[in-house]
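S.K.: heads up, no residue letters with this:
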């Protein structure tokens, strides 16, 4: 498997500020990481696929200029929410894709709860 | 696209058995996942089915019928700690590697 950490675990910020969330793969070199967003009582929605050394691939409806993703190394991907607004308040979760067999090939971080005031 | 349906909420008694159903409609099929997610935490992998039938893993079992677009997660000998949201996720054939998640079923286990 893979152990994935996220920092910070929760953050409160003022509207209009930018927030950076880090996702680290602690024991696995991840060429691909994923960023999800989850609103209360809703499903996990894939925002983007983060590829090491290249541009992220964004899902339809996700603004790439608002949600900046940087995957500069095999162990770190960052998501920056620029000019955050209250509607961006959500639970942001990253995951790491591994080369395991069967279904256990995606390992999730513990999530970051963002509250924009 | 994909459409995944599962009940919003279920309740059960400690020690009992509960079955959480998931139906899906997808263009092509390449695997169905079940995840457990406690409040405020990330999902943890429970099971993966790609062929029809029952997969048993301890107290948890997962069943798949591809022809019916149907799966269920069976939890036996329920414990209080099993109170969580259970997410059904389906991966399509050919396209993205990533599965699409349902909204989850919130299971409440009471004494």
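M.R.: Sure, I can see it. Because the structure is a prediction, the values reported are computed rather than measured. Numbering: from 1, shown residues only, chains lettered A, B, ... in the order given.

S.K.: Chain B contacts on chain A?
M.R.: A:4, A:34, A:41-46, A:49, A:91, A:93, A:95, A:97, A:102-104, A:106-111, A:113 (C-beta under 8 Å from any C-beta of the partner chain). All C-beta atoms are positioned from the backbone trio N, CA, C, and that covers glycine.

S.K.: Run through the helices of chain A in chain order.
M.R.: Applying DSSP state H to chain A gives no helices.

S.K.: How about residue A:29, nearest residue that isn't a chain neighbour?
M.R.: Nearest-residue entry for residue A:29: residue A:74, 3.9 Å, with adjacent residues in sequence omitted and distances by C-beta to C-beta, 6 or more residues apart in numbering or on different chains.

S.K.: which residues sit in contact with that neighbour?
M.R.: Going by C-beta atoms under 8 Å, 6 or more residues apart in numbering or on different chains, residue A:74 touches A:25, A:29-31, A:52.

S.K.: Going by distance to chain B, which of those wins?
M.R.: Of all the contacts of residue A:74, chain B sits closest to residue A:31, with 12.3 Å by C-beta to the nearest C-beta.

S.K.: Can you name the residues bridging to the spatially most central residue of chain A?
M.R.: Nearest to the geometric centre of chain A sits residue A:35, at 3.3 Å (C-alpha atoms, centre = their mean). On the basis of DSSP bridges, residue A:35 is bridged to residue A:48, residue A:94.

S.K.: How much space separates it from chain B?
M.R.: Residue A:35 sits 11 Å away from chain B, going by C-beta to the nearest C-beta, to the nearest Å.

S.K.: you'd agree that residue is up against residue A:80?
M.R.: No - taking contacts as C-beta atoms under 8 Å, residue A:35 lies outside contact range of residue A:80: 10.9 Å.

S.K.: ranges for the strands of chain A?
M.R.: A:4-7, A:10-13, A:19-25, A:32-38, A:45-51, A:57-58, A:67-73, A:76-81, A:90-97, A:106-108, A:112-116 (DSSP state E).

S.K.: For the helix or strand of chain A with the lowest mean pLDDT, which helices and strands make contact with it?
M.R.: Within chain A, no helix or strand scores below strand A:106-108, which has a mean of 89 by mean pLDDT, DSSP states H and E. Packed against strand A:106-108, as judged by 3 or more C-beta pairs under 8 Å, 6 or more residues apart in numbering or on different chains; DSSP states H and E, are the following elements: strand A:90-97, strand B:44-49.

S.K.: Among those, which comes closest to residue B:58?
M.R.: Smallest distance to residue B:58 across the helices and strands packed on strand A:106-108 (C-beta to C-beta): 10.0 Å, for strand B:44-49.

S.K.: Partner strands of the closest one, with direction?
M.R.: For strand B:44-49, using DSSP bridges, the partner strands are strand B:32-37 (antiparallel).

S.K.: Please name the spatially closest residue to residue A:22 (chain neighbours excluded).
M.R.: residue A:7 (4.7 Å).

S.K.: give me every residue that touches the one you found.
M.R.: A:21-22, A:24, A:112.

S.K.: Could you do residue B:41 as well?
M.R.: Taking C-beta under 8 Å, 6+ apart as the test, what residue B:41 contacts is A:110-111.

S.K.: give me the element it is part of.
M.R.: Residue B:41 belongs to no helix or strand when elements are defined using DSSP states H and E.

S.K.: what's the burial count for the closest residue to chain A within chain B?
M.R.: Closest to chain A within chain B is residue B:48: 2.1 Å, counting by C-beta to the nearest C-beta. Residue B:48 has 20 neighbours, counted by other C-beta atoms under 10 Å in any protein chain shown.
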